[in-house]
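Chemist: Mind folding the following:
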Amino acid sequence: MAGDKQSGGLAARAAALALLEAVLEQGAMLGQVLADPAGPLTGLSPSDRARAQRLALAVLRHIEPADRVLKPHLRKEPPEAVRIALRLAVVELAVEHAAAHGVVNAAVSLMRLGKRTTHMAGLVNAVLRKVAEVPEPFAGLPPQRLPFWLRKPLVDTYGREQVAAMEAVQALAPPIDISVKPGAEVAIPGAEALPTGSLRLPPQVQVSNLPGFAEGQWWVQDAAAALAVGLLAPRPGERVLDLCAAPGGKTLQLAAAGAQVLALDISAPRLVRLRDNLARCGLAAEVVAADALVWQPAAAFDAILLDAPCSATGTIRRHPDLPFVKDGSDLPQVLALQAALIDRALGWLKPGGRLVFCTCSLLPDEGEAQLAGALARHPGLVVERPDLPGVEPAWITETGGLRLRPDYWAERGGMDGFFMARLRLPA
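Modeler: Numbers count the residues shown, from 1 in each chain. The predicted model follows:
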């Protein structure tokens, strides 16, 4: 970021601070705050909205190294609002490589805007001027570590080196992947064709301005998430249920493959986006808002895709607020819900029908263990090996599931963490 437009820059920074305070002090998920029509981004220009969101995400990815940089310059703990402002400025210097004078002046101005922080303007000025003297403040510092409740089971499962590699990927702003409608010709300069069939866009693009978006030729979907529909392998005319469907990327894939799709989700507001994307892409699906634990279908399905509610720990590269809001305490209830959804879904299949169960989680309890439990509860159920284009043999588990991790494709920007498995009923 060269230079600094003080008025617009200050508005974006103030909004970023409000977003960070909502996450770190109030325990709100960033997505909820961003969706609030009366939230901190209200009234900002599109460019300032984008900048505020980018800054908040960057800080959440680098709080630990920012605190390490600040520690030698603070004799006592400042108020939380001041600490957050200092973190923002440090991240701007270390990650955004912003001009030091603009960052320092903006941080001081932000302090003077608040009645509770005006008296801290001098401290902020002094601390940040010292930090700005270091060319690369984060040089030699390890990436931000996952919280203990999550890191310990991951280290036990994958090993310390692998978890450190995941953390290194999660410290980076992730690229955007898209799924292309079959038959569409999409030419986006700088896009990379991934081995699994998704396209990875160049960094810092405005998605809605890219060729083919308005025409509905593609939609945003992480490459890992897109593999679930490939594993289900829907055929034209098949009756397919997308269970827990919102926000709808998999529904679009299923409909584009020619399946007769019923998209079910408990959240009516989240289904609004799904309907919008169906309309934009010229695709059709029956959309139902209902609780899958009480809903009953009118007829059995050829195939079901269950992207079950989970801890979402595989998506931290895109949702760095998650480790600061969640603590794993709801995991027992989530695990019980996943098992119940698997059992109900299997009961809705035709003989010989197939179910793909997946979760965007890195925890084996939400993946490998759920697969083992389903096999124990349902004699005759068969796991079908996930031999898909671009899937490396090392990603396939001993029991035939597909385990994806953020550190896979690290040189390309990684992928979301997922577990998925295809199950088939006896004919």
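
Chemist: going forward, measure contacts and count neighbours with C-alpha atoms only.
Modeler: Noted.

Chemist: Give the residue spans of the stretch 51-200 of the chain that score low on pLDDT.
Modeler: Within the stretch 51-200 of the chain, no stretch falls below the threshold (pLDDT under 70).

Chemist: Could I get the full set of helices for it?
Modeler: Secondary structure of the stretch 51-200 of the chain by DSSP state H, counting those that start in this stretch: the helices cover 63-70, 80-94, 100-113, 121-132, 148-158, 160-170.

Chemist: Please enumerate the helices of the stretch 301-427 of the chain.
Modeler: For the stretch 301-427 of the chain, the helices defined by DSSP H, counting those that start in this stretch cover 322-325, 331-347, 368-377.

Chemist: Using CSV, list the CA coordinates for the longest one.
Modeler: Read it as helix 331-347. Taking Å, rounded to 0.1, in the frame of the first residue of the first chain, the C-alpha atoms of helix 331-347 are listed here in CSV:
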residue,chain,number,x,y,z
LEU,A,331,-17.9,-30.7,20.1
PRO,A,332,-19.9,-33.5,21.9
GLN,A,333,-23.2,-32.1,20.7
VAL,A,334,-21.8,-31.6,17.1
LEU,A,335,-20.6,-35.2,17.0
ALA,A,336,-24.0,-36.5,18.1
LEU,A,337,-25.7,-34.4,15.4
GLN,A,338,-23.3,-35.7,12.7
ALA,A,339,-24.0,-39.3,13.6
ALA,A,340,-27.8,-38.7,13.7
LEU,A,341,-27.7,-37.0,10.2
ILE,A,342,-25.7,-39.9,8.8
ASP,A,343,-28.2,-42.4,10.0
ARG,A,344,-31.2,-40.4,8.7
ALA,A,345,-29.6,-39.9,5.3
LEU,A,346,-28.9,-43.6,4.9
GLY,A,347,-32.5,-44.3,5.6
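
Chemist: which one of the helices of the stretch 51-200 of the chain lies closest to R354?
Modeler: When the helices of the stretch 51-200 of the chain are compared by Cα to Cα, helix 148-158 sits nearest R354, at 28.5 Å.

Chemist: what sits up against the closest one?
Modeler: R145, Q162, V163, D327, G328, L362, L363, P364 (Cα atoms under 8 Å, 6 or more residues apart in numbering).

Chemist: swap in stretch 352-360?
Modeler: Contacts for stretch 352-360 (Cα under 8 Å, 6+ apart): 225, 228, 231-232, 301-315, 342, 345-346, 349, 366-367, 416-427.

Chemist: Which among the residues you listed count as buried?
Modeler: 225, 228, 231-232, 301-315, 342, 345-346, 349, 366-367, 416-425 (16 or more other Cα atoms under 10 Å).

Chemist: just checking, next helix/strand downstream of the lengthiest helix in the chain?
Modeler: Determined from DSSP state H, the single longest helix within the chain is helix 6-24. Toward the C-terminal end, the helix or strand that comes next after helix 6-24 (DSSP states H and E) is helix 30-35.

Chemist: just checking, what packs against that next one?
Modeler: helix 6-24 (3 or more Cα pairs under 8 Å, 6 or more residues apart in numbering; DSSP states H and E).

Chemist: Could you pull up the residues touching A298?
Modeler: Counting by Cα under 8 Å, 6+ apart, there are no residues that A298 touches.

Chemist: Reduced to three states, what does it come out as?
Modeler: Following DSSP: H, G, I helix; E, B strand; the rest coil, A298 is assigned to coil.

Chemist: K71 versus that one, what's the distance?
Modeler: Per Cα to Cα, to the nearest Å, A298 is found 62 Å from K71.

Chemist: cool, I188 as well?
Modeler: 44 Å.

Chemist: How many neighbouring residues does Q296 have?
Modeler: Q296: 12 surrounding residues under other Cα atoms under 10 Å.

Chemist: mind exporting the lengthiest strand in the chain as CSV, just the C-alpha atoms?
Modeler: When the chain is scanned for its longest strand (criterion: DSSP state E), the result is strand 349-359. The C-alpha coordinates for strand 349-359 follow below in CSV (Å, rounded to 0.1, in the frame of the first residue of the first chain):
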residue,chain,number,x,y,z
LEU,A,349,-31.5,-43.8,0.1
LYS,A,350,-32.8,-46.3,-2.5
PRO,A,351,-31.2,-49.8,-2.3
GLY,A,352,-27.7,-49.5,-3.7
GLY,A,353,-27.8,-45.8,-3.2
ARG,A,354,-24.7,-43.8,-2.2
LEU,A,355,-24.0,-41.2,0.5
VAL,A,356,-21.0,-38.9,0.6
PHE,A,357,-20.4,-37.7,4.2
CYS,A,358,-18.0,-34.8,4.6
THR,A,359,-17.0,-32.2,7.2
